[in-house]
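*Asks:* coords below, sequence missing:
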């Protein structure tokens, strides 16, 4: 027996089916009402994922599409220092989409929200030529905890909260499983999971407040969803500083280093994207405390400078430093 | 000289171009930070519009796509009793989209926000097979002013804030201009404007609070974006009441009555959708005061009842009442 399509169900039938995934209020009014805690500010962020641009059935199960779309938005909240309140979901679906896809997709969203907090506040459904997922996440933050891209100072350490390159490597394995023949099954799963189930780094925020409790200036941060290099470059642009990234300090999954050439691993680490770690600017002594507290693979990967350029060099050998630019990263157009 | 496409500009060039339409903060961080006024609650609502489903270049100029997409979301805020704070914009674009389309589209959004309040808080851009506009609107409301679909009581009057059927008639004129030969140019423009430039009814909210200031119960409301019949049916479902709509009381644009058969005009009035008026449930005496205060074409169009059915009848002649159902309206699938 095959599962019905949205065309067979009709909009009313589909809405009825979706009630199981949402709080009753989510479908009962023109908008959702919620409270921001006293003394907190609201944070809002939006991401759109399009089938065959951001994901495809070939590499991503519907539950993983739901998880990743949600995690990508929650990661933006984490990068602002905020805790999740909930999401709205605008969903465009071809008429041929079946409940076999929609059910697991909503389950993936629900699993991610259960893990990190928040509920589906509301949404909109419509017909579209390909599956289009537009999520807006709402969070709340104490004003003194707001993280800004513009707050980096020359002399700050560049801190990353974890490995980079794993999500891109996982995608590669999914595209062509046979490529990973030299990797153990566990290593393969580890990389694939980095792609399918990224983890927004809300866990490091309490550590950050604790370590930086006495710091009287704002902290700069951005998530590495568009790549580690992109995050450093964006922070530099908004803060009007430069940066020196030290090649040998970049944390990568051991399986990636073992699997690919040094050049390719570095490329995926810097430009692969979707690792959803945080990139932070912290005074060096606090950076060391923070990294020690979070634990490896968190690392200090360089220094923000008062030069205009963002360079990638290596303190360990004599190779010339390379200048990075935003144009090198992934562009949607 | 033709205007560049997004593919020619690249994502970085496009973002640079879009800075003129957004406050500087909108593009500077992973999320936007805003404050909800003390004593207010947050309201959030989402709508997705897809090219060739909700609009097409044949009938809708880019500035009108921007206005309508914004107005549709703001109307949901009005239907909750809320005032606008801002919107986020998730925009999917084919690579061939040119700045000739994107510029006016953002101008349409800006014009609507200037009129009713709010700013572009942030957004996301990506590639998509057709233009896909996902807007999430944020507003704030005093808890005692929240309008709910579930608050209607049997005995309440069904109030509408204005004409229905005009937006559908305007679309028809745009689809085939020659059809309107029997209408004056002014009448044609009036119907076309109802389609292109719908007006969220924030203006009636102060009247509502003034007239209902002493009412100690919540007020039910919904906007008529999916049709007047749909709004009455949804309020009935959430409030567990029925309704009797009086055919002769339904306010329609005079040009529509003159132009189409009685049956077709009634059909567009009930099911056409996108008129973005408010449908309210008010105690009869307050309903009369409210309608008098707002002025025609606002009208009382029937009564909520303790019967389960929603019927359409006519007090003026002996025609049998017809039972309405949600299935009769527009369904996206």
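*Replies:* Yes, it's here. Please read all numbers here as calculations on a predicted model, not as lab measurements.
*Asks:* mind listing what the residue in the stretch 51-200 of chain A that chain B sits nearest to touches?
*Replies:* Nearest residue of the stretch 51-200 of chain A to chain B (CB to the nearest CB) works out as residue A:134 at 3.5 Å. Yep, even glycine has a C-beta here, placed from its N, CA and C like the rest. Each residue near residue A:134 by CB atoms under 8 Å, 6 or more residues apart in numbering or on different chains is listed here: A:46-49, A:89-92, B:46, B:48, B:90, B:124, B:132, B:134.
*Asks:* At the geometric centre of chain A, which residue do we find?
*Replies:* residue A:276 (3.0 Å; CA atoms, centre = their mean).
*Asks:* which SS class is it?
*Replies:* coil (DSSP: H, G, I helix; E, B strand; the rest coil).
*Asks:* confidence score at it?
*Replies:* Looking at residue A:276, its pLDDT is 97.
*Asks:* ok, it to residue A:160 distance?
*Replies:* Residue A:276 is 11 Å from residue A:160, where distance means CB to CB, to the nearest Å.
*Asks:* Can you name every helix or strand that the least confident helix or strand in chain A by mean pLDDT contacts?
*Replies:* Here the helix or strand of chain A ranked lowest by mean pLDDT, DSSP states H and E is helix A:6-18, holding a mean of 90. The contact analysis (3 or more CB pairs under 8 Å, 6 or more residues apart in numbering or on different chains; DSSP states H and E) places helix A:6-18 against helix A:99-116, strand A:119-127.
*Asks:* looking at the ones you listed, which has the lowest confidence?
*Replies:* Among these, strand A:119-127 scores lowest, with a mean of 93.
*Asks:* right, and the helix or strand after that one?
*Replies:* Next in sequence after strand A:119-127, counting helices and strands by DSSP states H and E, comes strand A:132-141.
*Asks:* And that following strand, what's buried?
*Replies:* Buried positions in strand A:132-141, judged by neighbour count with 16 or more other CB atoms under 10 Å in any protein chain shown: A:132, A:133, A:134, A:135, A:136, A:137, A:138, A:139, A:140, A:141.
*Asks:* so what strands line up beside that strand?
*Replies:* strand A:41-50 (antiparallel), strand A:83-93 (antiparallel) (DSSP bridges).
*Asks:* just checking, residue A:208 touches residue A:291?
*Replies:* No - using CB atoms under 8 Å, residue A:208 makes no contact with residue A:291, being 11.2 Å away.
*Asks:* between the two, which one's more packed in?
*Replies:* residue A:208 (25 against 22; other CB atoms under 10 Å in any protein chain shown).
*Asks:* pLDDT at residue A:319, what is it?
*Replies:* pLDDT, residue A:319: 66.
*Asks:* ok, now residue A:28?
*Replies:* On pLDDT, residue A:28 comes in at 81.
*Asks:* swap in residue A:183?
*Replies:* For residue A:183, pLDDT reads 93.
*Asks:* now swap in residue A:49 and tell me
*Replies:* Residue A:49 is given a pLDDT of 94.
*Asks:* mind listing what it touches?
*Replies:* A:55, A:65, A:68, A:69, A:72, A:132, A:133, A:134, A:135, B:126.
*Asks:* any idea which helix or strand comes after the least confident helix or strand of chain A?
*Replies:* strand A:32-34.
*Asks:* Show me what that following strand is packed against.
*Replies:* Using 3+ CB pairs under 8 Å, 6+ apart, strand A:32-34 is in contact with strand A:83-93, strand A:119-127, strand B:41-50.
*Asks:* let's go with 10 Å and repeat that
*Replies:* If contacts are counted by 3 or more CB pairs under 10 Å, 6 or more residues apart in numbering or on different chains; DSSP states H and E, strand A:32-34 sits against strand A:83-93, strand A:119-127, strand A:132-141, strand B:41-50.
*Asks:* just checking, residue A:171 touches residue A:274?
*Replies:* Yes - taking CB atoms under 10 Å as the definition, residue A:171 is a contact partner of residue A:274 at 7.9 Å.
*Asks:* Can you select the buried ones from the contacts of residue A:134 in ChimeraX?
*Replies:* A single ChimeraX command selects the buried members of the contacts of residue A:134 (16+ other CB under 10 Å):
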select /A:46,47,48,49,89,90,91,92 /B:46,48,90,124,132,134
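*Asks:* which one of the contacts of residue A:134 is nearest residue A:179?
*Replies:* Of all these, residue A:179 sits closest to residue A:49, with 24.7 Å by CB to CB.
*Asks:* Bridge partners for that closest one, pull those for me.
*Replies:* Residues in beta-bridge contact with residue A:49 (DSSP bridges): residue A:133.
*Asks:* And the strands in the stretch 101-250 of chain A, which stretches?
*Replies:* A:119-127, A:132-141, A:157-160, A:220-223, A:242-246 (DSSP state E, counting those that start in this stretch).
*Asks:* confidence score at the residue nearest to residue A:212 when sequence neighbours are not counted?
*Replies:* The spatial neighbour of residue A:212 that comes closest, neighbours along the chain excluded (CB to CB, 6 or more residues apart in numbering or on different chains), is residue A:286 at 5.7 Å. Looking at residue A:286, its pLDDT reads 97.
*Asks:* same question, residue A:22
*Replies:* So, for residue A:22, pLDDT stands at 86.
*Asks:* Now it: closest residue in space, sequence neighbours ignored.
*Replies:* Residue A:22's closest residue in space is residue A:120 (CB to CB, 6+ apart), at 4.6 Å.
*Asks:* hang on, isn't that neighbour packed against residue A:90?
*Replies:* No - with contact defined as CB under 10 Å, residue A:120 does not count as touching residue A:90 (11.6 Å).
*Asks:* Mind listing the shared neighbours of these two?
*Replies:* By CB atoms under 10 Å, 6 or more residues apart in numbering or on different chains, residue A:120 and residue A:90 have these common neighbours: residue A:135.
*Asks:* residues touching residue A:65, list them.
*Replies:* So residue A:65 contacts A:49, A:51, A:54-57, A:59, A:101, A:104-105, A:108-109, A:131, A:133, A:196 (CB under 10 Å, 6+ apart).
*Asks:* Repeat that for residue A:210.
*Replies:* Here residue A:210 is in contact with A:289, A:290, A:293 (CB under 10 Å, 6+ apart).
*Asks:* Show only the entries of those found in helices.
*Replies:* A:289, A:290, A:293 (DSSP state H).
*Asks:* Surely the last one touches residue A:207?
*Replies:* Okay, so that is residue A:293. Yes - the pair residue A:293 / residue A:207 is scored as a contact, 4.9 Å apart, by CB under 10 Å.
*Asks:* So these two - more neighbours on which side?
*Replies:* When neighbours are counted by other CB under 10 Å, residue A:293 and residue A:207 differ, and residue A:207 comes out ahead with 19 against 14.
*Asks:* can I assume that one is in contact with residue A:159?
*Replies:* No - between residue A:207 and residue A:159 there is no contact under CB under 10 Å: 11.2 Å.
*Asks:* joint contacts of the two?
*Replies:* Common neighbours of residue A:207 and residue A:159 (CB under 10 Å, 6+ apart) are A:290, A:291, A:294, A:298.
*Asks:* Quick check: the gap between the third one and residue A:79.
*Replies:* Relative to residue A:79, residue A:294 is positioned 15 Å away (CB to CB).
*Asks:* neighbour-wise, which of the two wins?
*Replies:* Counting neighbours by other CB under 10 Å for residue A:294 and for residue A:79 shows that residue A:79 has the greater number, 30 against 21.
*Asks:* ok, that one - contacts?
*Replies:* Per CB under 10 Å, 6+ apart, neighbours of residue A:79: A:43, A:45, A:147-149, A:200-201, A:205, A:221-225, A:231, A:276-280, B:29-31.
*Asks:* Let me know the pLDDT of it.
*Replies:* 98.
*Asks:* And for the closest residue to residue A:129 other than its chain neighbours, the neighbour number?
*Replies:* For residue A:129, ignoring the flanking residues on the chain, the nearest one in space by CB to CB, 6+ apart is residue B:129 at 5.1 Å. The number of residues packed near residue B:129 is 19, by other CB under 10 Å.
*Asks:* Quick check: phi and psi on residue B:129?
*Replies:* Backbone torsions for residue B:129, taken as degrees, to the nearest 10, come to phi -70, psi -30.
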